[in-house]
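A.B. asks: Take this sequence and fold it.
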Amino acid sequence: MLRSVLFFTVLFFFASPATSQFAKGTRMAGASVASILANSGKTEQTVTSIGSTTGKVSGYEVAITPSFGWFITEKTVAGFTFNFNPSSEKITFEENGSVYQKDKSRKFNLAIGGFARNYFKGEGSFLPFGQFGFSAGMFDEKADGFFYGGSGANVYKRTYAGNSSGGFIVNTNLAAGFTKMVGKYTGFDIYAGYNFSYSKSKYNKNTFVDRGIDGSIDETEKTEYTSKYSNHRFLIGIGFQVFLEKGKKK
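C.D. replies: Numbering: from 1, shown residues only. A predicted model of the protein is given here:
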């Protein structure tokens, strides 16, 4: 990941200057409409009564980011972004064809920030760019799951449900791509990049234990804890941009 950061940083600051494409003061409005991550993998755990088992991991994350900016030079645009970011993850463990553990989480991020994009020398209607962005905001997360454990007369089912409050998140990203102009005022973006995020939140969790698995709750536990989380990700996205010259309407 460090190599990716260095690569995009060098590209952003030291690439060849762009041929004059846009007049200073031109407005750029658009959105990243399909910054998508999907994951599918495996995880392993050891349970005393079962042994080592492999679980399935699946999930998705979608980032929709409207933006609005102004060209402060003929090749550099700076402005504001809004981020809407739903995501979900599920982990399941099976033994002899039956699911004995399942954990699900769902998160929704809402953030506002800024960006700076620099266009480089391109050929024809293809305009390569490098972009840096920063955003901060809040998020909501819910999680639930269950676990079957024990054996014989000591079998039990443990279920839980939890949610966050006061979640805070910060994102920084570096990206490189190109805008394919399809007219004087409209272009489509394709890009790849690196994202670092940090979040902090307080969680409230309720756990219920059904001993004997007879449908009655024998134990209830309420837990409050604070979680801090950082993440490094690789992103691929597409989007669109509309360019409006200063003093003119499309």
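
A.B. asks: ok, the residue sitting furthest away from the middle of the chain - contacts?
C.D. replies: The outermost residue of the chain relative to its centre, with distances by C-alpha atoms, centre = their mean, is residue 153 at 44.3 Å. Applying C-beta atoms under 8 Å, 6 or more residues apart in numbering to residue 153 gives the contacts residue 212. Using the backbone N, CA and C atoms, a C-beta is placed for each residue, glycine as well.

A.B. asks: Give me the below-cutoff pLDDT ranges for this structure.
C.D. replies: 1-20, 34-53, 247-250 (pLDDT under 70).

A.B. asks: ok, 80 please
C.D. replies: For the chain, the stretches flagged by pLDDT under 80 are 1-21, 33-55, 95-97, 122-123, 165, 246-250.

A.B. asks: ranges for the helices of it?
C.D. replies: Ranges of helices in the chain, per DSSP state H, are 2-14.

A.B. asks: The residue lying closest to residue 209 once chain neighbours are set aside: how many residues sit nearby?
C.D. replies: The shortest distance from residue 209 to any non-neighbouring residue, by C-beta to C-beta, 6 or more residues apart in numbering, is to residue 219 (3.9 Å). Counted by other C-beta atoms under 10 Å, the residues lying close to residue 219 total 11.

A.B. asks: Distance of residue 219 relative to residue 200?
C.D. replies: 30 Å (C-beta to C-beta, to the nearest Å).

A.B. asks: Ok, residue 87 next?
C.D. replies: According to C-beta to C-beta, residue 87 stands 17 Å off from residue 200.

A.B. asks: Same question for residue 90.
C.D. replies: According to C-beta to C-beta, residue 90 and residue 200 sit 24 Å apart.

A.B. asks: next one: residue 218
C.D. replies: 34 Å.

A.B. asks: With neighbour numbers in mind, choose between those two.
C.D. replies: The residue with more neighbours, out of residue 218 and residue 200, is residue 200; 16 against 11, by other C-beta under 10 Å.

A.B. asks: Just confirm the more buried one contacts residue 228, I think it does.
C.D. replies: Yes: assessed by C-beta atoms under 8 Å, residue 200 is found in contact with residue 228 at 5.0 Å.

A.B. asks: got a list of what residue 244 touches?
C.D. replies: 26-29, 185, 250 are the contacts of residue 244 under C-beta under 8 Å, 6+ apart.

A.B. asks: Tell me the backbone dihedrals of residue 155, please.
C.D. replies: Phi and psi for residue 155, reported as degrees, to the nearest 10, are phi -70, psi 150.

A.B. asks: so how far is residue 210 from it?
C.D. replies: Taken as C-beta to C-beta, the span from residue 155 to residue 210 is 9 Å.

A.B. asks: So for those two, which sits in the more crowded spot?
C.D. replies: Set residue 155 next to residue 210 and count neighbours by other C-beta under 10 Å: residue 210 wins out with 18 against 14.

A.B. asks: and the closest residue to that one other than its chain neighbours, how many neighbours?
C.D. replies: Of all residues not flanking residue 210 in the chain, residue 157 sits nearest, at 4.6 Å (C-beta to C-beta, 6+ apart). Look at residue 157: counted by other C-beta under 10 Å, it has 19 neighbours.
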